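**Student:** 3D model of this:
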Amino acid sequence: MKSKISVLIALAATMIAASAGSSHAEDLSFKLTNGTNSVLARFYSSPTGVDEWEEDVFGDDVLNPGESMDITIADGRTVCKYDMRFEFEEGSNLATTEDTQDLCAMGSYTIHE
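**Tutor:** As a prediction, the model looks like this:
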């Protein structure tokens with residue numbers, strides 16, 4: 001009887017440890033504000049050190065001057081530092097802008113000219 005209880009305790013401890021490890025991956029959320037006079041057409045983000053940009057976060061949407069949008073990055077990763085790429089509408093006088101931020105510590109981000 002004692003050995004069965006030990007096995008059950010060990011199994012329970014393993015299950016708790018496994019669920020605790022997977023709970024570290026949290027969605028990263030922040031408010032993005034377009035503080036420029038141009039339409040922000042595309043926004044990309046990737047963890048620092050990844051050589052390729054992930055999908056355009058906006059999809060079919062854009063962020064007009066002065067507007068804000070709640071952004072959620074739900075990629076299942078456990079990193080906080082992300083590279084960000086902002087592309088403005090064609091014909092804009094603003095160049096593509098890139099930045100790196102700790103998204104875990106950031107509640108909002110405003111892009112300026």
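
**Student:** is the residue minimising distance to the centre of the chain in a bridge, and if so with what?
**Tutor:** In the chain, the C-alpha nearest the mean C-alpha coordinate belongs to residue 73, at 3.2 Å (CA atoms, centre = their mean). For residue 73, the beta-bridge partners are residue 28 (DSSP bridges).

**Student:** Residue 92 against residue 42, yeah?
**Tutor:** No: checked against CB atoms under 8 Å, the pair residue 92 and residue 42 is beyond contact range at 11.8 Å. C-beta coordinates here come from the backbone N, C-alpha and C atoms, glycine included.

**Student:** show me where pLDDT drops low in the protein?
**Tutor:** For the chain, the stretches with pLDDT under 70 are 1-25.

**Student:** residues making contact with stretch 83-103?
**Tutor:** In this structure, residues lying in contact with stretch 83-103 by CB atoms under 8 Å, 6 or more residues apart in numbering are 28, 30, 36, 38-48, 50, 53, 62, 73, 80-82, 109, 111, 113.

**Student:** Got the phi and psi for the closest residue to residue 74 other than its chain neighbours?
**Tutor:** Distance criterion CB to CB, 6 or more residues apart in numbering; nearest residue to residue 74, sequence neighbours excluded, is residue 27 at 4.3 Å. Phi and psi for residue 27, reported as degrees, to the nearest 10, are phi -70, psi 140.
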